[in-house]
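> heads up, no residue letters with this:
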């Protein structure tokens, strides 16, 4: 039994060595293929470029999923951090994006929140940094520039008689 196991291991080693030679040969030919593609890239028509893209895309699709992820095909857009826009007296903050947090909803229903809502009818929640909604609305009102209204010019129309 040990003899058959030894023979099967030897056969597997030979098979793996053959695969290794094929991979090394393929890896040596890839730079040559890239050089040829770069040489002809300038003279290919858009239709030919699409054909090459389809061939390359098919090769990528045939690759295992783990390899595709390693190549970076699953790009994710990263967004930067956003400063907090609203802050409760308890210190809880919210950027104003997405669903309203439960803490904000419950605070608005409390007596303190209702009192704040009556004092600041234009505000959604207390702004972060202790700035009141009234101060912000005054600043916004100052920024609005009123354009002078032009009077409609009266054109004289010749009357046909």
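Everything's here; your move. Since the structure is predicted, the reported quantities are computational estimates derived from the model, not experimental observations.
> pLDDT weak spots in the protein?
For the chain, the stretches with pLDDT under 70 are 1-3, 58-74, 130-161.
> list the contacts for residue 37?
Contact analysis of residue 37 by CB atoms under 8 Å, 6 or more residues apart in numbering lists residue 52. C-beta here means a position set from N, CA and C on the backbone, and glycine is covered the same way.
> Mind doing that once more with 7 Å?
Not one residue lies near residue 37 by CB atoms under 7 Å, 6 or more residues apart in numbering.
> Tell me the backbone dihedrals of it, please.
Main-chain dihedrals, residue 37, degrees, to the nearest 10: phi -60, psi -40.
> and what of residue 94?
With angles defined as degrees, to the nearest 10, residue 94 sits at phi -150, psi 140.
> Determine the number of other residues adjacent to the nearest residue to it once chain neighbours are set aside.
Leaving aside its chain neighbours, residue 94 sits nearest to residue 86 (4.7 Å; criterion: CB to CB, 6 or more residues apart in numbering). For residue 86, the neighbour count with other CB atoms under 10 Å is 18.
> Pretty sure residue 86 sits against residue 127.
Yes. Assessed by CB atoms under 7 Å, residue 86 is found in contact with residue 127 at 6.2 Å.
> sorry, back to before: how much space between the residue nearest to residue 94 and residue 117?
13 Å (CB to CB, to the nearest Å).
> cool, residue 17 as well?
From residue 17 across to residue 117, the span is 78 Å (CB to CB).
> For residue 117, which non-adjacent residue is spatially closest?
In space, residue 117 comes closest to residue 108 once its chain neighbours are excluded; the distance is 6.7 Å by CB to CB, 6+ apart.
> cool, residue 112 as well?
Closest to residue 112 by CB to CB, 6+ apart is residue 89, at 7.1 Å.
> What distance do you get for the one you found to residue 29?
69 Å.
> in which helix or strand would I find residue 49?
Using DSSP states H and E, residue 49 sits in helix 46-62.
> circling back to that earlier point, return the residues in contact with the residue nearest to residue 94.
Neighbour list for residue 86: 93-94, 96, 104, 125-128 [criterion: CB under 7 Å, 6+ apart].
> May I see the buried residues of the helix or strand harbouring residue 12?
Under the criterion of DSSP H and E, residue 12 resides in helix 2-40. Residues of helix 2-40 classed as buried by neighbour count (16 or more other CB atoms under 10 Å): none.
> Tell me what angle it forms with helix 46-62.
Here helix 2-40 runs at an angle of 160 degrees relative to helix 46-62 (axes from the mean of the first three to the mean of the last three CA atoms, to 10 degrees).
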